[in-house]
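here is my input, please return the structure:
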Amino acid sequence: DVVEEQPIVEEVVEKVEEEIEDVFITSTIEVIEEEEIEKPLSLEEQRIVFPRIIQTDSVDTDADSLTDIEEEIFNTDSGTWDSDGDGYYDGQEMVSLYNPSGVAPVKLIDSGLVQEHVNSKWQYRVYYPIAWEDGVVDEEGRQVLFSSVTGDFVEILVFDLKSEEAFINWFARKADGQKYTDIYSFTNRFEEGGYKRKDGLVAYFMGDRKIYVMIYHPGVTGFIPFRSTMDMMINSFRPSKTLIEVPAQVVLPS
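Numbers count the residues shown, from 1 in each chain. Model prediction:
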């Protein structure tokens, strides 16, 4: 009797194994389908993260508008208001795109202290400290980070304007938690117009139906060590190649 029942037992085992295999395959397909559904949000769908508007700067020993940390990366003296002795204080020169550690009239881009990032997709241009790293986050190059060793970084985002959409309408739609009364219009050193938040940590530029948003993200210290660096980057930004040049620095009389 036992011998006659054995084939039945084997058939049952095979059937159970087939059912288990079917369940495993089905579960695997379901997991794959779920992973395919959960695609990352596009930049347009993401919420823009802004720094809080009340921030405290890091130590600036000589009160030249460059923090002591900035003095290190721009090769200036943290104990001297005018490191190169040309009559301009260090922070004034740097944000105006001149070399704070070289006697006038040396431009900042020729100093070896900064380099220019040219976005391969959108063709915008911006200076950033040579000691920092730049990195493209997404395949379209809409999000680029410029990072310091302190954890502070500047982010540049590229958004499309809708048909006939004005900046104020885009701002109301995308600048979540931001007040239009907290920004003001300005013109940078390359004669590019834009809007800047009153604390200097956020700037907006427009060009060819695009909005370019530049945001300073503080590190973990709770202080702002690179406010003037951010101002320098804002002053150097161009949505595209331009024939405008930074004028030669006027030499002050000795």
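
which stretches in this structure count as helices?
Here the chain has its helices, by DSSP state H, at 2-37, 68-73, 90-95, 167-174, 227-236.

rank the ones you listed by mean pLDDT and give me the bottom one.
Among the helices of the chain, helix 2-37 has the lowest mean pLDDT, at a mean of 55.

what is the neighbour count of residue 119?
The tally of other residues near residue 119 (other C-beta atoms under 10 Å) stands at 19. C-beta coordinates here come from the backbone N, C-alpha and C atoms, glycine included.

can you check residue 131 too?
By the criterion of other C-beta under 10 Å, residue 131 has 12 neighbours.

cool, residue 48 as well?
Counted by other C-beta under 10 Å, the residues lying close to residue 48 total 16.

ok, now which ones touch it?
157, 174, 175, 176, 213, 215 (C-beta atoms under 8 Å, 6 or more residues apart in numbering).

in PyMOL, how would I select the buried members of those?
Selection of buried members from these for PyMOL, criterion 16 or more other C-beta atoms under 10 Å:
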select buried, resi 157+174+175+213+215
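
quick check: closest non-adjacent residue to residue 121.
residue 141 (3.6 Å; C-beta to C-beta, 6 or more residues apart in numbering).

now for the one you found: which residues touch it?
With contact taken as C-beta under 8 Å, 6+ apart, residue 141 is in contact with 119, 120, 121, 122, 158.

just residue 233 next, same as before
Residue 233 is in contact with 126, 127, 128, 146, 154, 214, counting by C-beta under 8 Å, 6+ apart.

now, which of those residues sits nearest residue 85?
Checking those against residue 85 by C-beta to C-beta gives residue 127 as the nearest, at 23.9 Å.

low-confidence ranges in this protein?
1-41, 43, 254 (pLDDT under 70).

what residue is smack in the middle of it?
Nearest to the mean C-alpha position of the chain, by C-alpha atoms, centre = their mean, lies residue 155 at 0.9 Å.

once you drop chain neighbours, what's closest to that residue?
Excluding its sequence neighbours, the residue lying closest to residue 155 (C-beta to C-beta, 6+ apart) is residue 215, at 4.8 Å.

and if you look at residue 198?
residue 182 (5.5 Å).

what sits against the one you found?
53, 197, 198.

most neighbours, which of those?
Within the contacts of residue 182, neighbour counts (other C-beta under 10 Å) peak at residue 197, which reaches 20 neighbours.

isn't that one up against residue 183?
Yes - counting by C-beta atoms under 8 Å, residue 197 touches residue 183, with 5.3 Å between them.

the closest residue to residue 75 other than its chain neighbours: neighbour count?
Spatial nearest neighbour of residue 75, excluding adjacent residues (C-beta to C-beta, 6+ apart): residue 101 at 4.4 Å. Here the number of neighbours of residue 101 (other C-beta under 10 Å) works out to 18.

distance of residue 101 from residue 227?
Per C-beta to C-beta, to the nearest Å, residue 101 is found 19 Å from residue 227.

ditto for residue 204
From residue 204 over to residue 227 the distance is 18 Å, taken as C-beta to C-beta.

more crowded one of the two?
For residue 204 and residue 227, the more surrounded residue by other C-beta under 10 Å is residue 227, and the numbers stand at 25 against 22.
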